[in-house]
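Q: turn this into a model:
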Amino acid sequence: MKKVLTIAGSDCSGGAGIQADIKTITVHKMYAMSVITALTAQNTTGVYGIREADAEFVGDQMDCIFTDIRPDAVKIGMVPNEKIIRVIAEKLRRYQAEDVVLDPVMISTSGSRLMSEDAAEALKEELFPLAAVVTPNLMEAAALCGFSVSARQEMEVAAEKIAKYGFGAVLLKGGHLAEGADDLLYEKGKYTWFSSKRIENPNTHGTGCTLSSAIACSLAAGYSLERGIRNAKKYLTGALQDGLDLGHGRGPLNHMYILPPFANGYPFR
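A: Now for the predicted structure:
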């Protein structure tokens, strides 16, 4: 069985972060492990509190995982401060982690800032060079580049600029484009566009976490990055099309939509 590690924050409402990652990895029939960087008090209406983990304890969690059940791929999500980022980078280098997918969770869907300015600089300096792919959305790309990113041409300029931080590839997610929802992969000077129709579903809580975890699963399974992105987008599209509607705000996805229903109701009676 392939093993995938998620390093991220906890979402107590289950729609994003560690919880979304574990659901995604499990549905891909892989073994999910987690390093928790922060606890959040959040739900579908917003983020109401954050408690950051101790950086040394984050390192302890990583030691326990890599010295016992080595992951085949790593997904990194919310890393709230500079100390945590530097500890994660040191451990990834020490254990020579492979197929690292970095989702730079800087701003929540509801607009809450999830990372300090110092942390953002450490992210670029320490973790970007270790990633096989970085997956910012348009708001995060703007924060990384210092200019607005709202059209395809601007996405190409932004992706090339972000790639100069010295890592493998950039997947710039176009979910916030005015027209369509096309994503752009920039890798080794090559632009590859993934065309997508916008799915009319207001419940998108955890889409970025889900996509990056699904990419990590495909890399763990041995797929190329481009094929892995196509696989992940197909999974995410199905989760959005399922139309799950929970909570009073921007609701979560149905990560389990792909599982067949039980033939005779609850199976473990």
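
Q: CA atoms for contacts and neighbours, from now on please.
A: Noted.

Q: what is the burial count for residue 209?
A: As a burial measure, residue 209 scores 28 neighbours (other Cα atoms under 10 Å).

Q: please, which helix or strand holds it?
A: helix 207-220 (DSSP states H and E).

Q: over to residue 226?
A: Going by DSSP H and E, residue 226 is part of helix 225-241.

Q: next, the buried residues of that helix.
A: Judged by neighbour count using 16 or more other Cα atoms under 10 Å, the buried positions of helix 225-241 are 225-226, 228-233, 235-240.

Q: what angle separates that helix from helix 207-220?
A: 140 degrees (axes from the mean of the first three to the mean of the last three Cα atoms, to 10 degrees).

Q: just name whatever secondary elements helix 225-241 is in contact with.
A: helix 207-220 (3 or more Cα pairs under 8 Å, 6 or more residues apart in numbering; DSSP states H and E).

Q: try it again at 10 Å.
A: Secondary-structure packing of helix 225-241 (3 or more Cα pairs under 10 Å, 6 or more residues apart in numbering; DSSP states H and E): helix 17-27, strand 169-172, strand 183-187, strand 190-194, helix 207-220.

Q: need the winner for burial among these.
A: Ranked by mean neighbour count, these are led by helix 207-220 with a mean of 28 (mean count of other Cα atoms under 10 Å).

Q: what is that helix packed up against?
A: Helix 207-220 packs on strand 3-11, helix 17-27, strand 73-76, strand 100-102, strand 133-134, helix 225-241, going by 3+ Cα pairs under 10 Å, 6+ apart.

Q: and residue 152, which of the helices and strands packed on helix 225-241 is closest to it?
A: Nearest to residue 152, of all the helices and strands packed on helix 225-241, is strand 183-187, at 8.5 Å by Cα to Cα.

Q: quick check: mean pLDDT across the closest one?
A: What strand 183-187 shows for mean pLDDT is 94.

Q: please apply the same query to stretch 69-82.
A: 96.

Q: convert it to PDB, retaining C-alpha atoms only.
A: These are the backbone C-alpha positions of stretch 69-82, laid out as PDB (Å, rounded to 0.1, in the frame of the first residue of the first chain):
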ATOM      1  CA  ILE A  69       6.400   4.400   8.000                       C
ATOM      2  CA  ARG A  70       8.200   6.300   5.300                       C
ATOM      3  CA  PRO A  71       5.800   8.200   3.000                       C
ATOM      4  CA  ASP A  72       5.800   7.800  -0.700                       C
ATOM      5  CA  ALA A  73       4.600  11.400  -1.200                       C
ATOM      6  CA  VAL A  74       4.100  14.400   1.000                       C
ATOM      7  CA  LYS A  75       1.500  17.100   0.800                       C
ATOM      8  CA  ILE A  76       2.100  20.400   2.700                       C
ATOM      9  CA  GLY A  77      -0.800  22.800   3.500                       C
ATOM     10  CA  MET A  78      -1.100  25.300   6.300                       C
ATOM     11  CA  VAL A  79       2.300  26.200   7.900                       C
ATOM     12  CA  PRO A  80       1.500  29.200  10.000                       C
ATOM     13  CA  ASN A  81       4.900  30.500  11.200                       C
ATOM     14  CA  GLU A  82       8.600  30.800  10.300                       C
END
